Each structure stands twice: as structure tokens, then as C-alpha cells.
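A.B. asks: everything below, folded, please.
(one chain, ligands or ions: 2)
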Amino acid sequence: MTDIPFVDLSVHHQPRDLRDRFALGITKLLRLCADTFFARRYGHRAIVLETVAAVPGMVGATLTHLRCLRRMSDDRGWIRTLMEEAENERMHLMTFIQVAQPTLFERMVILGVQWVFYLAFFALYLLSPRTAHRLVGYFEEEAVISYTLYLREIDEGRSANPPAPALARHYWHLPEDATLRDVVLVVRADEAHHRDVNHGFAGELAGLSPAVAPAPYPTHAQDIRIAA
Ligand SMILES: [Fe+2]
Ligand SMILES: [Fe+2]
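C.D. replies: Numbers count the residues shown, from 1 in each chain. Ligands and ions are numbered 1, 2, ... in the order given. Coordinates of the predicted model:
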């Protein structure tokens, strides 16, 4: 089985300038909206928010790809990293859709939010990739907190702990008897990794010295079409 990597829950990037404060302010505002809308319905929260979380990686990969073509420059591995992030977030979605079913209203919210968020994030990435990566870093800090709260709900018996979906067992190399709790643990480790990678990219674009190594990334199956 996959070893579930250690997750440092205390990581928080202290805002250093106006861009950081903008990114943190947007994140806190969206957190408030999510808390109001979902309260403790963590399964539903995960589905709707993972449909959003899978967007920035693909936008970042696309625009980095185009910039590298224009400048005929190397991407330093960023494009693959960002595409992997998008795929990983989509697998979070495919996992949680086996755990909870979105309501009709939530499906409508997903459609509307995708239009607005895709266009807004695309524009932000064009204007300031550094702010865009900082924003994702802060989103992922919140994701780590949300999945920690979800774990507490499961541990204290307020949320069910059914067997892990087969797709999730395959994707994270989990044992036959794995439960939803194990899945939330590996998902949270994924989010911690994205958090550190995106804060690291934002730092690099700001000319800061390379950050310490990101939180370890759980291993994932590559043949996800079979899993699905
Ligand atoms: Fe996620
Ligand atoms: Fe995430």
C-alpha cells in the first residue's frame, strides 16, 4: 500500500506584498462563501470545489506552454507539473462523486462557477502568473484545512466511513480494506503537495530563492482510464 506522506498542517505563506494580500483576501472571501453554502456537508463540498480545483493547473499549463513557444524557452518542468496537478484534482472529483451525489442546484452552481472561474483565472494568469500561483497556494492551504475537518467528522462519527471506491484504491494503490478515511488522508497529502508547489512557483516568479522541498506527493496510478 501507499505510505501516506506526513502533512505539515501549520504551513502558511505570510503575505509579503499587495499581490499576496490580494490572493489571500480572495481566498478568505471564497472560503466564507463555501462555508456558508456547504456548512458541514463535506462530501458535497469536495465535489463542487474539486470541479474548481482542477482548473488552475490546466490554465497554468496552457499559458506556460504558449509562453515557452513564443519565447522559445525551456519550461523547467512546469508544464508537466501543472498538467499532473489538473489530472490529480480531476481524480479527486471522480473519487468523491462515488461518495456523494451533487444536488441539481449544485450541478447548476458548478456550470456557472466554471464559466466565471475559468475566465477570471485565465485573465489573472495572463496579467500576473505570480499572483495566480499564490492564489492557488492559498486555495490549497484551505483545502488541507477542509480535509482535516472532514477527517474529524469521520473520526467523531458524524460522517460515514464507507469502503474506499475501487477507483480510489487503484489510483492511490490502497489496500482492499481501505476506507473513505484513508482516501481523505491521501487526498489531503495531494493538496499539501500542490500547496507547496504553487507557493514555490509564486516565490520563483517573485525572484525568491527556491523554496524548501514541497510536501511529499503520494504515488498515483498512471493508467487511470482502466480505473475509471
Ligand atoms: Fe483536490
Ligand atoms: Fe487542490
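
A.B. asks: pull the contacting residues for the closest residue in space to Val7 that isn't next to it in sequence.
C.D. replies: Using Cβ to Cβ, 6 or more residues apart in numbering and skipping residues adjacent in sequence, the residue nearest Val7 is Ala192, 4.6 Å away. Using the backbone N, CA and C atoms, a C-beta is placed for each residue, glycine as well. Taking Cβ atoms under 8 Å, 6 or more residues apart in numbering as the definition of contact, the neighbours of Ala192 are 5, 7-8, 11, 140, 144, 215.

A.B. asks: quick check on these: which are buried?
C.D. replies: Applying a neighbour-count criterion of 16 or more other Cβ atoms under 10 Å, the buried members of the contacts of Ala192 are 5, 7, 11, 140, 144, 215.

A.B. asks: so of these, which ones are in helices?
C.D. replies: When those are checked against helices (DSSP state H), the matches are 140, 144.

A.B. asks: which one of the buried ones among the contacts of Ala192 is nearest to Tyr118?
C.D. replies: Within the buried ones among the contacts of Ala192, the smallest distance to Tyr118 is 18.2 Å, found for Glu140 (Cβ to Cβ).

A.B. asks: and the residue nearest to the closest one when sequence neighbours are not counted, what element?
C.D. replies: The shortest distance from Glu140 to any residue that is not its chain neighbour, by Cβ to Cβ, 6+ apart, is 3.4 Å, and that residue is Arg195. In the assignment (DSSP states H and E), Arg195 maps to helix 180-205.

A.B. asks: give me the contact status of that helix with ligand 2.
C.D. replies: Yes - judged by Cβ under 5 Å from the ion, helix 180-205 comes into contact with ligand 2 at 191, 194.

A.B. asks: gap between Ala164 and Tyr147?
C.D. replies: 15 Å (Cβ to Cβ, to the nearest Å).

A.B. asks: hmm, I typed the wrong one, I wanted His12.
C.D. replies: Separation of His12 from Tyr147 (Cβ to Cβ) stands at 16 Å.

A.B. asks: then His193?
C.D. replies: When His193 is compared with Tyr147 (using Cβ to Cβ), they lie 13 Å apart.

A.B. asks: quick one, which of these two is more surrounded?
C.D. replies: Neighbour comparison, His193 and Tyr147: the larger count goes to Tyr147, with 25 against 21 (by other Cβ atoms under 10 Å).

A.B. asks: buried stuff in the helix or strand harbouring the more buried one?
C.D. replies: When secondary structure is defined using DSSP H and E, the element that contains Tyr147 is helix 129-155. Along helix 129-155, these residues count as buried under the neighbour rule (16+ other Cβ under 10 Å): 129-144, 146-147, 150-151, 153-154.
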